[in-house]
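Novice: need a 3D model of the sequence below.
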Amino acid sequence: MSVKAFELVPAIERLQLLGDKAKTSIECIECCGKNLYIGTSDCFVVHFLLEEKVQANGKISFTSEKQSHKYLAVRKPISQLKAASALTRILVLCDNVLTLLNMFNLEPILSGAKIKGVTSFTVNENPTGSNPFAIEICVATRKKSVQLYSITEDKMNMMKEVTIPDVPILMSMDRYCVCIAMATEYCLVDTDTLQVTDLFPYEHETSIPVVKRVGKEEFLLSGPGALGMFVTSAGMSQRPPLKWSESVCGVCYAFPYIVALDEEFLTVHSVLDQQQKQTIPFSGGKILGDYDGKLYIASNKEVYSLVPLPVEKQITALLADKRVEEALTLAKNARKTGLSKEMFRRMYIRIQQQAGFIKLAQYEFEEASQLFKDGKLDIRELISLFPNLLPSSTKFSRAQPPLHDFADIRQIVRSDKARLNECKRFLIGMLEDIRGSSLAIDMKEDVDTTLLKLYAECDLIKLQKLVSTENACKLEDSFKILEKNDCHHALATLSRLHGDNESALQIWVKLSDGVLQDDSFPGFEFVFNFLSVLSEHDLLWRHIDWALRKDQEKAVMIFTERPATETSSERLRPDDVIAFLSSYPKAIIRYLEFLVFTKKLEKEKYHTHLAVLYLDAVLQLRKESQSEKTQQDLARSKLRHMLQTSNLYRVQLILGKVKETDMYAECAILYGKLEEHDKALRILVYKLQDYGAAENYCHVNSLGRDKTYRRRLFQILLGVYLDPLEG
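Specialist: Okay, the predicted model is just below:
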């Protein structure tokens, strides 16, 4: 898949180079900084000064000015040039002789140092020596050997010669490793150990060998089958090969691209995925190289620069084509292109964000989520795609330049409701993930308000949880959306959270009475629970009547289940509560039971009141012909338990009421409280004829007393048995 990585820009045009010498042609070039050197077919070395300019439209252009030229007077083509800036020298290979010229005036050095019989040479790009004013080169000769030299500004000293299997043609060097193309195959030479490693043959009859250093101890070779093969100094390949033309005659490297030259085209290949990215028509090309960070290509008559497009533009083009993975891979490696750490960070974050929106538009939600999180997306960029979700008070505006070209989510889903719901669920997930994290700092109101609006549409359970706990929802927006969506219970809960208990109660009462409908409302018992912890007692009393009318027995919890930490209040004194509950018989009984049995208040009036109410309940049931026996038995059981266990009620008052009935068991208990055991036992023996109950009476009433008292009770029982007077 294509991407425009380079533009071809003229550097030195025909007339400027050749003038009237129509027969001369370019044989080799070298560049060092702004200095461009050209070796010609008629033995000239020409020095130009190149100026690179950025035009108003962002395009690059070059202007050149000829500085000097040198004729070497051997009438042979200049075969190879190499600048050595540390030495202010340029190495020139012509007629198999390697000489040194001054970089600036192109004059030969006075020492006349030269090496004869050289067919080609290469500079060690990763030298082993420590002298900054010397360079290391490896030269090929017509013999089956290569020679290592140390070059200074005026001397060429041979350090070593290594024998190889065949005559060297082309080579490249990195540290101790020399990669050599021989007549029919490639090999590696370790100049330290002198070991020679055979690699593989190339198709010497139909192709030109290529040997290019592309990294530390790594080379690119032209292999069989039109493949560009990567080889390390260990003789291994750590990358897949490149597929290129069978007629490749030159390559250059500018991370992350390999540019290959053939008879008709320049092809650009990525070392990241080994794919061809760009094809540039170029006929007649004969020289291609990377020089001091610049890429130049020359034909017989002209020199062009391959100007790389800024990596940001390349990535933008990939994103425009929805090629997210390629864009991210290129972006991830963009730091190696020379960007500063901060520039790389900003660029990569933005690209991740842009890629996230592309994945969103493709409904690849998991990938989009990860890209947004890794890219630290301002979540409001995503929220703003959904109309009316951001709070009305938000000051957010989208990034400029924009991260995407969507007006809103409708442009993505195109009236597909199912897709719209998927996108909303994705947004909910994103908001839930970042809520409370560093990604939501300074935008809590936006996040929480958006979540509330989304929950109101599709998740009442999560809505209730949100409004029940601390949140930063914009109240004005929240109240409107909750009311619009009939989320009355959530509206009341949010009001309560913000201290407006009265408004909350008004809504809950209407929900309880059916005036409002909301399936999420748990029922009136929820309101009772709320009233039981409400500290605003005036507000509480305004709702007690309503609660008691709803359910007397359950509403009593408002008084009986108060918080343990609540301070005493005059508004909730038991006497006032009892007085208020006098119109609600079931409620008052429950409340008195709470005071007597739970709180264990030892006040005669509470005990007597409860006993009277129990007795009245029994008497009422006995009057009602339709009341079930089990109801009467339960009521009498509660009464007897009260009469038996309490010692604080007014016994005579209760006895006066009971004696008028045939409730003999209750009479027996009351006589026992008055220590009138004879009467009590006679009722049990002769009225009820329950002899077991009589014996149990003696046991129960002697609990906590001494043996004499217990003995006296049983003597009374014996007397009752022996003297059968009417009970």
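
Novice: quick check: phi and psi on residue 290?
Specialist: Dihedral angles of residue 290 (phi, psi; degrees, to the nearest 10) stand at phi -110, psi 130.

Novice: can you report how many residues lie near it?
Specialist: If you count neighbours by other Cβ atoms under 10 Å, residue 290 ends up with 17. For every residue, glycine as well, the C-beta is placed using N, CA and C.

Novice: and it, how far from residue 270?
Specialist: To residue 270, residue 290 is 16 Å away according to Cβ to Cβ, to the nearest Å.

Novice: now swap in residue 314 and tell me
Specialist: Per Cβ to Cβ, residue 314 is found 10 Å from residue 270.

Novice: for residue 498, same thing?
Specialist: On the measure of Cβ to Cβ, residue 498 and residue 270 end up 58 Å apart.

Novice: with residue 293 instead?
Specialist: Per Cβ to Cβ, residue 293 is found 19 Å from residue 270.

Novice: and residue 708, by the same measure?
Specialist: Residue 708 is 111 Å from residue 270, by Cβ to Cβ.

Novice: likewise for residue 601?
Specialist: If you go by Cβ to Cβ, the gap between residue 601 and residue 270 works out to 88 Å.

Novice: more neighbours: the two, which one.
Specialist: Comparing residue 601 with residue 270 by other Cβ under 10 Å, the one with more neighbours is residue 270, at 21 against 15.

Novice: so what's residue 68 closest to, chain neighbours aside?
Specialist: Take residue 68 and drop its neighbours on the chain: the residue closest to it by Cβ to Cβ, 6 or more residues apart in numbering is residue 47, 4.8 Å away.

Novice: show me what contacts the one you found?
Specialist: Going by Cβ atoms under 8 Å, 6 or more residues apart in numbering, residue 47 touches 35, 36, 37, 66, 67, 68, 69, 104, 106.

Novice: which SS state does the fifth one fall under?
Specialist: Secondary structure state of residue 67, per DSSP: H, G, I helix; E, B strand; the rest coil, is strand.

Novice: so it is in contact with residue 38, correct?
Specialist: No. Counting by Cβ atoms under 8 Å, residue 67 does not reach residue 38; the two are 11.5 Å apart.

Novice: tell me which of those two has more neighbours.
Specialist: residue 38 (24 against 15).

Novice: doesn't the more buried one lie inside a helix?
Specialist: No. Per three-state DSSP, residue 38 lies outside any helix segment and is strand.

Novice: residue numbering should commence at 5 henceforth.
Specialist: Done: numbering now begins at 5, and the last item shifts to residue 42.

Novice: tell me the pLDDT at it?
Specialist: Reported pLDDT at residue 42 in the predicted model: 94.

Novice: once you drop chain neighbours, what's closest to residue 723?
Specialist: Residue 723 sits nearest to residue 682 (Cβ to Cβ, 6+ apart), 7.4 Å away.

Novice: what of residue 366?
Specialist: Spatially, and ignoring its direct neighbours in sequence, residue 366 is nearest to residue 326 (7.4 Å; Cβ to Cβ, 6+ apart).

Novice: ok, that neighbour touching residue 363?
Specialist: No. Contact between residue 326 and residue 363 fails when scored by Cβ under 8 Å: they sit 9.4 Å apart.

Novice: residue contacts, the residue nearest to residue 723?
Specialist: Residue 682 makes contact with 720, 723, 724, according to Cβ under 8 Å, 6+ apart.

Novice: now do the same for stretch 577-584: mean pLDDT, whole number.
Specialist: 94.

Novice: same deal with stretch 216-226?
Specialist: Mean predicted lDDT for stretch 216-226 stands at 93.

Novice: how about the helices in the stretch 505-654 of the chain?
Specialist: Counting by DSSP state H, counting those that start in this stretch, the stretch 505-654 of the chain has helices at residues 505-516, 528-537, 541-554, 556-559, 561-564, 578-585, 589-597, 608-627, 633-649.

Novice: surely residue 183 is in a strand?
Specialist: Yes. Looking at residue 183 with three-state DSSP, it is inside a strand.

Novice: what about residue 728, how many neighbours?
Specialist: 10.

Novice: just checking, it touches residue 690?
Specialist: Yes. Counting by Cβ under 8 Å, residue 728 touches residue 690, with 7.0 Å between them.

Novice: how many residues are close by residue 346?
Specialist: Quick note: residue 346 (other Cβ under 10 Å) scores 8 neighbours.

Novice: how close does it get to residue 316?
Specialist: 14 Å.

Novice: got it, and residue 185?
Specialist: Counting by Cβ to Cβ - residue 185 and residue 316 are separated by 38 Å.

Novice: ditto for residue 427
Specialist: 29 Å.

Novice: now swap in residue 328 and tell me
Specialist: On the measure of Cβ to Cβ, residue 328 and residue 316 end up 16 Å apart.

Novice: and the two? which has more neighbours close in?
Specialist: Ranked by neighbour count (other Cβ under 10 Å), residue 328 and residue 316 place residue 328 first, with 23 against 15.

Novice: leaving out chain neighbours, which residue sits closest to the more buried one?
Specialist: Closest to residue 328 by Cβ to Cβ, 6+ apart is residue 359, at 4.6 Å.

Novice: got it, and residue 199?
Specialist: residue 193 (7.5 Å).

Novice: can I assume the one you found is in contact with residue 182?
Specialist: Yes. At 4.5 Å, residue 193 and residue 182 qualify as touching, with contact defined as Cβ under 8 Å.

Novice: now do the shared contacts for those two.
Specialist: With Cβ under 8 Å, 6+ apart as the test, residue 193 and residue 182 both reach 150, 166.

Novice: hang on, the earlier thing: out of the helices of the stretch 505-654 of the chain, nearest to residue 470?
Specialist: helix 505-516 (15.8 Å; Cβ to Cβ).

Novice: in CSV: the helices of the stretch 505-654 of the chain, plus distance to residue 440 and mean neighbour count.
Specialist: Listed next are the helices of the stretch 505-654 of the chain as CSV, based on distance: least, Cβ to Cβ, whole Å; neighbours: other Cβ atoms under 10 Å:
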stretch, distance to residue 440, mean neighbour count
helix 505-516, 26, 19
helix 528-537, 27, 18
helix 541-554, 33, 16
helix 556-559, 38, 19
helix 561-564, 35, 20
helix 578-585, 44, 16
helix 589-597, 44, 21
helix 608-627, 51, 18
helix 633-649, 53, 16
